[in-house]
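# prediction below, plus the sequence it came from.
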Amino acid sequence: MSYKELYKKNNETLKERYELVSERIRTISNMKEAEVSIEEKYASFFVKISQFLVKLQEVLVKEKSGELLAMSAEEGKALNDSLFDEIKKENYDFSFANPSFAVKTFGKDFGQLFSAIFASVINIIPTVFQGDYTFICIYEELILEIYTIMQDREGFTYKAVQDSYYWFKHDYIEVVMEDKVNKLINPEYDYYQKLIDMSKDGIDYLYKYGFYISNDEIESARYLATFSDEEIQKMADTYTEGYRIGFEVTGKDLSIKDKAEIRYPVGFERVVRVAIKNFEKLNLKSILKPYSTPANKQFDYDHREDMGIVLDKAIIERGLESYRCAFEKIKKEARGYAGPAVIEVFGEEPFSPITKEENVKLNAKQQKLSVYNKSEISQIVNKYIVGEERSFTIIAFPIASIGDKYKQIFAETVRLNTLDYNFYRDMQQKIIDVLDTGDKAHIVGTNGNKTDLYVNLYKLNDPNKETIFENCVADVNIPVGEVFTSPVLKGTTGKLHVSQVYLNGLKFINLEIDFKDGMIADYTCTNFDSEEDNKKYIKDNILMNHETLPMGEFAIGTNTVAYKMADTYQIADKMPILIAEKTGPHFAVGDTCYSYDEDNMTYNPDKKAIVARDNEISALRKEDYSKAYFNCHTDITIPYNELGRISVITKTGENKDIIVDGRFVVQGTEKLNEPLDEMEG
């Protein structure tokens, strides 16, 4: 049965059930708080969430009648505002979706639970726009089940309510996983294709995604509408050709694949429309995965660990089994998945989260379960979407939030994304030739940067045929501009420091990470007054709840044009890691760049085999996959102005400099310094 048929059958099965539960939700939504037949303290939550669910019911009616797709931009904006008002910054302090407000109103236990439920309901908005009964139906049933429990004013307990929520999460994991896998793999799901087609006329279509629509999405669509067909074609070609080349340079057979995922920001439909046609020429159907800028990043941050309310081994194991079964049902289709082609955006105001005592936090046991779950999930994905057969590409563009120089920065970014492949290939090869003579690399900071780090390099058996570093040009990672390797962990020791860096959308101040034999031994930052809060912030968002991580990558960024652009427009704090990593040396903690693909030999343009694809941790895959991978990879970049020296030390003890005082000194690479010199001039 195709996904379309499955989707239609599922809706038909649920329709009567949905109508019955929706009628009861409407009854509660029309009550005054004093009329609700539960303890007065909790009445406001049930009235409020029922009113919100009624709004979603009305959206579903409009979707079924065709009225939703016919909405004007004005009608769409009014609906969008209505649905996301709860979590907008100006309203969030008094929303039940805010754990702080909910806990203040209902106490810790009920406050955290009610806030988590409200957040989950807000997050199902897009499924309602798609006409899907599933998630609105099951959440309405959850609300009524908890409401019924709490009607026994004297006898209900938090444990009874929590149990209801637990079994809801437990029992519907199969539904969630099947939906997740189908939407990842199956191009027959065509809701977003309708919107791509509708985007040819005006901006009305923006409000039909069910995502929060800000000025960024509107301005992206309007600005791209001013581009010529030739300019749009060039942008799409850069992106899709990078995807194709990614398969070519790694020796992977794209012809055995039949689908590619296009992950794109709302507002970029004009580029996506051409990309779809480009992929069709490669015999690839497109799976569309749009996203928009968040309505409130603090909301997302507050709810990142909500599963802590119910998370245990049984839920994890049921989720993993459901995930396997979902993939098994469409294993043939999964094998044809070629990988994601991603358009990122940058320019949002940098986000520094507020840490809240009221937020749900995973305990130590749950953190271990979370790590275990990610490991098992990655292994399931790799079984059905074989790592050695897939690739990806990523490209980035600015959005209007970047400031009044938006159009100039956009033009500079387009130029950045199309820099001369051959120039960087040749400059980087000169650097690699020196690096390949080294036994260790030594990196030292300057201008207050406390970095003093030795990176142990892979030892070559045949320097005429082998190389340690990959010469990375514009294919999977656009723009061009880095050489990278997987360090030998033993002997990789010292301190990495950067005064300010943005990682995974979060700001870190004075981030310090100490390595011993390639593993993180200690870490700190100065984001918060409390050292405990600083360490938790890093463990949650860089170590991803692991006790330690290896250094998975050592790289030298060569894209001084990007560095100059960031300085010229004063946007270094808004640059995506995709570009920022090309603007100085960087060190990734977590898996190597070759994770799940270590045994697939790759070659540089000079035909030398890249042999440093492994480290002592990833080599454990031959014994136990769960010990080999951490399923995270976070790049931390030192900017040129904080870089005192990068040199390699040969086996004989000779020092060979690569960069000194933020300038490339390898013979023949002087042109890389020109943008840096222009900045000072």
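All right, it came through fine. Numbers count the residues shown, from 1 in each chain.
# kindly list the longest strand within this protein.
strand 488-503 (DSSP state E).
# neighbours of residue 158, how many?
For residue 158, the neighbour count with other Cβ atoms under 10 Å is 12. Every residue, glycine included, has its C-beta placed from N, CA and C.
# rewinding a little: what helices and strands are in contact with the longest strand of the chain?
strand 440-445, strand 452-456, strand 506-516, helix 577-580, strand 633-637 (3 or more Cβ pairs under 8 Å, 6 or more residues apart in numbering; DSSP states H and E).
# deepest-packed of these, please.
Compared across the helices and strands packed on strand 488-503, helix 577-580 shows the largest average neighbour count, a mean of 24 (mean count of other Cβ atoms under 10 Å).
# helices or strands next to whichever strand or helix holds residue 562 in the packing?
Using DSSP states H and E, residue 562 sits within helix 560-568. Applying 3+ Cβ pairs under 8 Å, 6+ apart, we find helix 560-568 packed against helix 406-417, helix 577-580, helix 674-680.
# distance of the residue lying closest to residue 593 once chain neighbours are set aside relative to residue 290?
The shortest distance from residue 593 to any non-neighbouring residue, by Cβ to Cβ, 6 or more residues apart in numbering, is to residue 553 (5.5 Å). Distance of residue 553 to residue 290, given as Cβ to Cβ, to the nearest Å: 30 Å.
# wait, residue 448 sits on residue 499?
Yes. Residue 448 is within contact range of residue 499, at 6.5 Å (criterion: Cβ atoms under 8 Å).
# ok, now which residue in this structure is the farthest from the centroid?
The C-alpha centroid of the chain is most remote from residue 154, which lies 45.6 Å away (Cα atoms, centre = their mean).
# for residue 511, see how far away the closest residue to residue 642 other than its chain neighbours is.
Excluding the flanking residues, the one nearest residue 642 by Cβ to Cβ, 6+ apart is residue 449, at 3.8 Å. When distance is defined by Cβ to Cβ, residue 449 is 11 Å away from residue 511.
# equivalent analysis for residue 597, please.
Separation of residue 597 from residue 511 (Cβ to Cβ): 29 Å.
# also residue 292?
For residue 292, the distance to residue 511 (Cβ to Cβ) stands at 29 Å.
# where does this structure dip in pLDDT?
Applying pLDDT under 70 to the chain picks out residues 1-4, 474-475, 681.
# quick check, central residue of it?
In the chain, the residue lying closest to the centroid (Cα atoms, centre = their mean) is residue 504, at 7.4 Å.
# contacts only, for it.
Applying Cβ atoms under 8 Å, 6 or more residues apart in numbering to residue 504 gives the contacts 541-542, 634.
# circling back to that earlier point, tilt between the longest strand of the chain and strand 506-516?
Strand 488-503 and strand 506-516 are oriented at 160 degrees to each other (axes from the mean of the first three to the mean of the last three Cα atoms, to 10 degrees).
# which parts of strand 488-503 are buried?
Under the neighbour-count criterion of 16 or more other Cβ atoms under 10 Å, strand 488-503 has 488-489, 492-499, 501-503 buried.
# residue 370: which of the residues you listed is nearest?
Nearest to residue 370 among the buried residues of strand 488-503 is residue 503, at 18.8 Å by Cβ to Cβ.
# the closest one is in contact with residue 636, isn't it?
Yes. The pair residue 503 / residue 636 is scored as a contact, 6.7 Å apart, by Cβ under 8 Å.
# what residues go with each domain of the protein?
Annotated domains of the chain cover 1-169, 172-418, 420-680 [automatic domain parsing].
# the second one: end-to-end distance?
Spelled out, it's domain 172-418. 46 Å (Cα to Cα, to the nearest Å).
# now that domain, how far from the chain's geometric center?
Domain 172-418 sits 8 Å away from the centroid of its parent chain (Cα atoms, centre = their mean, to the nearest Å).
# repeat for the last one
The gap between the average C-alpha position of domain 420-680 and the chain average comes to 20 Å, counting by Cα atoms, centre = their mean.
# wait, what's in contact with residue 661?
Residue 661 touches 446, 643-645, counting by Cβ under 8 Å, 6+ apart.
# from those, list the buried ones, please.
446, 643-645.
# nearest to residue 338 among the residues you listed?
Set against residue 338, the nearest of the buried ones among the contacts of residue 661 by Cβ to Cβ is residue 643 (37.3 Å).
# quick one on the thing from earlier: am I right that the residue nearest to residue 642 is in contact with residue 643?
Yes. With contacts counted by Cβ under 8 Å, residue 449 reaches residue 643, the gap being 7.3 Å.
# possible to save the buried residues of strand 488-503 as a markdown table with distance to residue 24?
Below are the buried residues of strand 488-503 laid out as a markdown table (distance: Cβ to Cβ, whole Å):
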| residue | distance to residue 24 |
| --- | --- |
| 488 | 63 |
| 489 | 59 |
| 492 | 61 |
| 493 | 64 |
| 494 | 63 |
| 495 | 61 |
| 496 | 57 |
| 497 | 58 |
| 498 | 55 |
| 499 | 56 |
| 501 | 51 |
| 502 | 46 |
| 503 | 46 |
